[in-house]
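1. return a 3D structure for these sequence lines:
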Amino acid sequence: MHFCFISLVVSMQDLRVNVQLIEAATERHIWANATLTNYPQAYDNFLYGRQYFYLFASKSENEKAREFFQKAIEFDPDFAMAYAMLAWTHAFEAMNGWSDARESSLQRSQELATKAITLQEGIPIAHFVSGNYTFHLGQAYFISTN
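-> Numbers count the residues shown, from 1 in each chain. This next block holds a predicted model:
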């Protein structure tokens with residue numbers, strides 16, 4: 001048998017929903033949700049940004065996604081996942097040749113990924129973007145030395 005605990009915290013600006021699934025016999029936590037942000041406006045902008053980003057269609061969609069992730073961060077400056085996705089837009093721009101300053105785009109992606117990791121260590125996207133930056137640095141070094 002399992003118990004599902006749900007708690008709601010509502011204020012004028014926030015709505016936080018926490019859900020936990022607990023095994024009754026052992027009181028062991030089976031599952032718990034992770035709140036990305038406590039600010040609904042930040043989360044809305046994050047979702048819009050993700051919608052545009054995952055179209056993978058064009059530079060303009062990538063830029064639109066970036067705008068939404070930036071707005072999400074304006075509403076919640078500690079929204080680690082928004083920083084990670086914003087970092088990915090910069091990396092994606094460099095990877096697709098959409099940037100006039102590829103190295104600057106890669107550098108910005110690294111800065112934002114580092115910020116995301118500083119805020120919340122366990123975000124795979126942030127680590128992916130950071131690894132992508134390191135990979136491209138290695139490629140640039142290899143090309144310049146050959």
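2. which residue of the protein sits farthest from its center?
-> Here the chain reaches farthest from its C-alpha mean at residue 25, the gap being 36.7 Å by CA atoms, centre = their mean.
3. quick one: pLDDT of residue 59?
-> Residue 59 carries a pLDDT value of 95.
4. which stretches of this protein form helices?
-> Here the chain has its helices, by DSSP state H, at 40-53, 59-75, 80-95, 102-119, 124-145.
5. okay, the ones you listed, which one's buried deepest?
-> Most buried of the helices of the chain, by mean neighbour count (mean count of other CB atoms under 10 Å): helix 80-95, with a mean of 25. C-beta here means a position set from N, CA and C on the backbone, and glycine is covered the same way.
6. tell me what that one is packed against?
-> Counting contacts by 3 or more CB pairs under 8 Å, 6 or more residues apart in numbering; DSSP states H and E, helix 80-95 is packed against helix 40-53, helix 59-75, helix 102-119, helix 124-145.
7. reformat those helices as JSON lines; add distance to residue 86.
-> Below are those laid out as JSON lines (distance: least, CB to CB, whole Å):
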{"stretch": "helix 40-53", "distance to residue 86": "8"}
{"stretch": "helix 59-75", "distance to residue 86": "4"}
{"stretch": "helix 102-119", "distance to residue 86": "5"}
{"stretch": "helix 124-145", "distance to residue 86": "10"}
